[in-house]
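Participant: Here is a sequence with its predicted model. Questions after.
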Amino acid sequence: MTDELIVKAVREALEKAPKRKFDESVELAINLNDVDLANPKNRISEDVILPKGRGRELKIGIFATPEMQEKARNVVDLIIPSEEISKMADDKVKTKNQVARIDFFIAEAPLMAGVGKSLGVILGPRGKMPKPIPPGSDPRAVVNNLKKTVKVRSRDRRTFQVPVGTRSMSAEDIAENVEAVLDRVKQKLERGLMNIHNAYVKTTMGPAVKLELR
């Protein structure tokens, strides 16, 4: 059951935010406490499937052999043939523009080494290295999960933000997504909730509302 205090905070954030002509994202801001983020092993780096989805359509790309290209047609937004992988490194501007339009990538497992060698310097810093899938498998289930996924990355910063929905979603659905992210973050922290100094929820351009954590 969703925490009513979180629902209340989300509802307050939605009510306080000025109306916009577009569907604003709703974000969760987390401030960590007593965590040595200079040590990479203490950094948060998680992909979390939101139970109520992102509230917007995400774009998925795939690096694929001919057989997989047929299976991925009408399932993903961008298909990159295996023979094009090495060529993409030669036109970095075009490749960076392609990458910017895609939220997540997947790749057949045997292609991962080639993707890393040719495109790791572009995909890696953007957190978009592909997720491997078995060769010849049906990509539909993986794609459907990725469309509900958010990246939770603290890097070396004590404060970081995570999208947890859009303003058109109900406060209850957004709150359920907030809980999913907080639960995962707490699992990754040595002292759990004690390592979270505070957390806020807000629309992209609206005021922040503090969450009562317990």
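Facilitator: Perfect, I can see it now. Numbering: from 1, shown residues only.

Participant: what's the domain layout of this structure?
Facilitator: Residue ranges for each domain of the chain read 4-55+149-210, 60-146, as given by automatic domain parsing.

Participant: chain center to the last one: distance?
Facilitator: The one in question is domain 60-146. Remark: domain 60-146 is offset 16 Å from the chain centroid, using C-alpha atoms, centre = their mean, to the nearest Å.

Participant: quick check: longest helix of the protein.
Facilitator: Scanning the chain for the helix with the most residues, using DSSP state H, yields helix 171-188.

Participant: who are the neighbours of that one, in terms of helices and strands?
Facilitator: With contacts defined as 3 or more C-beta pairs under 8 Å, 6 or more residues apart in numbering; DSSP states H and E, the packing partners of helix 171-188 are helix 4-16, strand 25-32, strand 45-49, strand 149-153, strand 159-166, strand 196-203. (Each C-beta comes from the backbone N, C-alpha and C, glycine too.)

Participant: give me every residue that touches the residue nearest to the spatial centre of the chain.
Facilitator: Closest to where the C-alpha atoms of the chain average out (C-alpha atoms, centre = their mean) is V150, at 2.3 Å. Remark: with contacts taken as C-beta atoms under 8 Å, 6 or more residues apart in numbering, V150 is in contact with D47, V48, L50, R54, V162, P163, V164, V181.

Participant: Next, count neighbours for the closest residue in space to the fourth one that isn't next to it in sequence.
Facilitator: In space, not counting the residues next to it along the chain, R54 is nearest to K148; the distance is 6.1 Å by C-beta to C-beta, 6 or more residues apart in numbering. Neighbour count for K148, taken as other C-beta atoms under 10 Å: 16.

Participant: before we move on, what about G192?
Facilitator: For G192, using other C-beta under 10 Å, the count is 12.

Participant: just to revisit the earlier point, do you know how far the residue nearest to the centre of the chain is from V162?
Facilitator: Noted for V150: a distance of 5 Å to V162, by C-beta to C-beta, to the nearest Å.

Participant: Find residues that contact each of those two.
Facilitator: In contact with both V150 and V162: V48, V181, using C-beta under 8 Å, 6+ apart.

Participant: quick one on the thing from earlier: would JSON lines of the domains of the chain with mean pLDDT be doable?
Facilitator: As requested, the domains of the chain are exported to JSON lines (pLDDT from 0 to 100):
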{"stretch": "domain 4-55+149-210", "mean pLDDT": "95"}
{"stretch": "domain 60-146", "mean pLDDT": "94"}
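
Participant: buried sites along stretch 13-30?
Facilitator: Judged by neighbour count (16 or more other C-beta atoms under 10 Å), stretch 13-30 contains these buried residues: A13, L14, A17, E24, S25, V26, E27, L28, A29, I30.

Participant: same check, this time on stretch 166-185
Facilitator: Under the neighbour-count criterion of 16+ other C-beta under 10 Å, stretch 166-185 has 166-167, 169, 171, 173-182, 184-185 buried.

Participant: In this structure K16 contacts G206, no?
Facilitator: Yes - K16 is within contact range of G206, at 6.0 Å (criterion: C-beta atoms under 8 Å).
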